[in-house]
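A.B. asks: the sequence and its predicted three-dimensional model are supplied below.
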Amino acid sequence: MILKQLYIFFSLGSGKSKEMYQNSSEPLSNPAYFTIEGLSDIPGLWFPIFIVFLFIYLIIILGNASIFCVVSCNSHLHTPMYFFLMNLSVMDIAYTSTILPKLLNMLVTKNNTISFWGCIYQMYFFLAMACAEVLLLTSMAYDRYVAICHPLHYVILMSLKKSAGLAMTAWTIGFVDPSGHAVLISKLSFCTSNLINHFFCDVIPLLKISCSDNSKVELINYLEGGLILSAAFMLTLVSYIFIISTIMKIKSAEGRRKAFSTCSSHLTCVVIFYGTIICLYMRPTTSYTPKYDKFIALLYAVLVPVLNPVIYSLKNQEIKSAFVKLKTKLV
């Protein structure tokens, strides 16, 4: 049994077709493979979609890797704010890499199958990175709160050691939290269909094709996911209430502008990320509409990682200056 599961896992994207699965003697209640519907059923669109997503993926990799390199290579950027930004860049690369390479492979090979355990692992790592990013964004909000509301105590309250502890906590909880989802979903029966109406393996599309009782998975989705998401959102919201209140008390318009500019990039990313996550996950599976959910999933799975380096590069003068210095050294 262990050897069989290992074989299924390493066969992710190995070339099994939908017809081969359907002709298999494997019972549908324990499928060896799922078939992912993808983004479009129109044959003529596969090449433009492939080009667009290849371009987007390259931007995500190069943009976030550039942010990481610029921050790590400039000693004056070795502060908690930019330390969190480095972690955010790594998370964006990691969680888009759980879905986009497979999606690009499906577009090129026309092979939309994914092994059962490959699907479970893809779902798990995607949820892990998304959860870790939520907590990291919360830590970044707290960092901006301390910097603006308690500037004289910033060095004490936000030392690099404490920042590393917050980042490590985000990574740890991120990998622990979705393990319950993965275990419970791996035990479900899929006796009606193996077709996932999505462009990657996600919780809601998998629950829709399961014929088992999904109440436990939905309960853990609301309790664990809802608790972490709600707590992170409330902490972020409270941080920005204090931040905005402090900024409004600054007498000069120039002082208010400079203070707000230090957190505008983070606030923009928070609004986009939380907005799409809440719209997609915090609702019952009965309200699931595939086309709408694919669009929302594209926003937080693709748009947010693309925008993060762009937003921080355009709105942060220190990052701009660091880019120029690094370019000068390289030339």
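C.D. replies: Structure's in. What do you need?
A.B. asks: check the offset of stretch 238-256 from the chain's centre.
C.D. replies: 30 Å (CA atoms, centre = their mean, to the nearest Å).
A.B. asks: buried sites along it?
C.D. replies: Of the residues in stretch 238-256, 239-240, 243, 246-247 count as buried by neighbour count, 16 or more other CB atoms under 10 Å. No exception for glycine: its C-beta is placed from N, CA and C like everyone else's.
A.B. asks: which pair of those spans the longest distance?
C.D. replies: Using CB to CB, the two most remote members of the buried residues of stretch 238-256 are 239 and 247, lying 12.5 Å apart.
A.B. asks: helix, strand, or coil at the nearest residue to residue 100 once chain neighbours are set aside?
C.D. replies: Nearest residue to residue 100 in three dimensions, chain neighbours excluded: residue 57, at 4.6 Å (CB to CB, 6 or more residues apart in numbering). Under DSSP: H, G, I helix; E, B strand; the rest coil, residue 57 falls in the helix class.
A.B. asks: what about the strands in the protein?
C.D. replies: 33-36, 113-115, 195-196 (DSSP state E).
A.B. asks: for residue 64, see how far away the residue sitting furthest away from the middle of the chain is.
C.D. replies: Most distant residue from the mean C-alpha position of the chain: residue 251, 38.9 Å away (CA atoms, centre = their mean). Remark: distance between residue 251 and residue 64 (CB to CB, to the nearest Å) = 38 Å.
A.B. asks: cool, and residue 267?
C.D. replies: Distance of residue 267 to residue 64, computed by CB to CB: 19 Å.
A.B. asks: between these two, which is the more surrounded one?
C.D. replies: residue 64 (25 against 18; other CB atoms under 10 Å).
A.B. asks: I figured the more buried one hits residue 92, correct?
C.D. replies: Yes - Residue 64 is within contact range of residue 92, at 4.9 Å (criterion: CB atoms under 8 Å).
A.B. asks: which neighbours do the two share?
C.D. replies: 305, 308-309 (CB atoms under 8 Å, 6 or more residues apart in numbering).
A.B. asks: between the residues you listed, which has the most around it?
C.D. replies: Neighbour-wise, those (other CB under 10 Å) top out at residue 305, 29 neighbours.
A.B. asks: okay, now the nearest residue to that one once chain neighbours are set aside: neighbour count?
C.D. replies: The shortest distance from residue 305 to any non-neighbouring residue, by CB to CB, 6+ apart, is to residue 92 (3.8 Å). By other CB under 10 Å, 25 other residues sit near residue 92.
A.B. asks: got it, and residue 78?
C.D. replies: Residue 78, neighbours per other CB under 10 Å, totals 12.
A.B. asks: out of the helices and strands in this protein, which is least certain?
C.D. replies: The least trusted helix or strand in the chain, going by mean pLDDT, DSSP states H and E, turns out to be helix 2-10, with a mean of 35.
A.B. asks: got the contact list for the spatially closest residue to residue 132 that is not a sequence neighbour?
C.D. replies: Excluding the flanking residues, the one nearest residue 132 by CB to CB, 6+ apart is residue 174, at 2.7 Å. Counting by CB under 8 Å, 6+ apart, residue 174 touches 128-133, 135.
A.B. asks: how about those in JSON lines, adding distance to residue 37?
C.D. replies: JSON lines is the format used below for the contacts of residue 174 (distance: CB to CB, whole Å):
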{"residue": "128", "distance to residue 37": "24"}
{"residue": "129", "distance to residue 37": "23"}
{"residue": "130", "distance to residue 37": "21"}
{"residue": "131", "distance to residue 37": "25"}
{"residue": "132", "distance to residue 37": "28"}
{"residue": "133", "distance to residue 37": "26"}
{"residue": "135", "distance to residue 37": "31"}
